[in-house]
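Chemist: Predicted model and sequence below, questions to follow.
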Amino acid sequence: MFWVKRGFAAVAILLVLSGAGAWAGVGGRISGVVRDQAGKAIPGANVSAREAGTGLSYEAQTDGAGYYALPSLPVGRYELTAEAAGFESYRRR
């Protein structure tokens, strides 16, 4: 888990990275759950993945359980950002 603190609030992002799909390396998927420091899900958080080589961004929003998924991503290196009201932005490469 990774924690980003701002005042009394914190956000944690659990990443579940999946390698190339079953279709011979066509792409991949990034999914996970956005939670606060107490482990409570953060619904409505904006999550984006920017591919370093092309600069293309892919976006998702967490559901009521804090879950997000970015399916069918082209193979590449990504920077993941999560933002939610009341929390500091989180970035990870």
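Modeler: Structure received.

Chemist: helix or strand for the closest residue to residue 42 other than its chain neighbours, which one?
Modeler: In this structure, residue 42 finds its nearest non-sequential neighbour in residue 34, 4.6 Å apart by C-beta to C-beta, 6 or more residues apart in numbering. All C-beta spots, glycine's among them, are computed from the backbone N, C-alpha and C. Per DSSP states H and E: residue 34 is located in strand 28-36.

Chemist: Next: residue 55.
Modeler: With DSSP H and E as the test, residue 55 turns up in no helix or strand.

Chemist: Could you number the chain from 24 rather than 1 from now on?
Modeler: I'll keep to 24 as the first residue from here, and by that count the last item is residue 78.

Chemist: And it, how close does it get to residue 84?
Modeler: 21 Å (C-beta to C-beta, to the nearest Å).

Chemist: Among those two, which residue is more densely surrounded?
Modeler: Neighbour tally, residue 78 and residue 84, criterion other C-beta atoms under 10 Å: the higher count belongs to residue 84, 13 against 7.

Chemist: Okay, and the beta partners of the more buried one?
Modeler: residue 69 (DSSP bridges).

Chemist: wait, isn't it in contact with residue 68?
Modeler: Yes. Residue 84 lies in contact with residue 68 (C-beta atoms under 8 Å); the separation is 6.9 Å.
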